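Asker: take this sequence and fold it.
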Amino acid sequence: MPDKKLRIGWFSFTCCEDSTIVLTEMLNDHYEEWSKKIDFRHIRVLKKNNSMENLDVAFVEGAIASDKDAEELKKIRANCRKLVAIGSCAIVGMPAAQRNEFDAARKKEIEFLLKKFKQARKVRTLYEIVKVDDKVAGCPMFEKSFLEVLDKCFREFGVK
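Answerer: Here you go, the predicted model:
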């Protein structure tokens, strides 16, 4: 019987996707080890065919800027046992949520863009929409913190 693998998904919303870049760079150092311990179920930067069904852990990068993204985030939450917020945008909204701080005149100026691109009036953090179980801070994420959270997930889900 093969060893259990951690079923993960990596999702990115409104941000510069710098944490996704950090993760792909980390694969240069950890691929051999991780390929034995991780089932990459959903990770668009690496795979064409993805599934978010029955995930152990969903790593979610970025802030939520539209109602469509909020619904997608809820779907991710419903399909994972643990959700980890990745990076500053996911955790505190910034810098992606800087338009939330615009004055009234600037908000009026961009109103047509919000409508055109079906954006919500306010950019939200993951915490404002779903239950978040853990986080990895930074912009981009701190590699050491990510490794600590990943190791915690391995232990929690019985992956050796």
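Asker: what about the helices in the chain?
Answerer: Ranges of helices in the chain, per DSSP state H, are 18-37, 67-78, 87-92, 104-116, 143-156.
Asker: deepest-packed of the ones you listed, please.
Answerer: Comparing the helices of the chain by mean neighbour count (mean count of other CB atoms under 10 Å), helix 87-92 ranks first with a mean of 26. Any C-beta I mention is one placed from the backbone N, CA and C, and that applies to glycine too.
Asker: so what touches that helix?
Answerer: Helix 87-92 is contacted from outside by 13-15, 18-19, 60-63, 85, 94-97, 125-127, 135-141, using CB atoms under 8 Å, 6 or more residues apart in numbering.
Asker: contacting residues for the residue nearest to residue 67 when sequence neighbours are not counted?
Answerer: The spatially closest residue to residue 67, leaving aside those adjacent along the chain, is residue 120, at 5.7 Å (CB to CB, 6 or more residues apart in numbering). Going by CB under 8 Å, 6+ apart, residue 120 touches 64, 65, 66, 67, 70, 114.
Asker: and the residue nearest the centre of the protein?
Answerer: The geometric centre of the chain, computed from its C-alpha atoms, lies nearest to residue 60 (CA atoms, centre = their mean), at 1.2 Å.
Asker: about what we covered before: report pLDDT for the residue nearest to residue 67.
Answerer: At residue 120, the pLDDT value in this model is 96.
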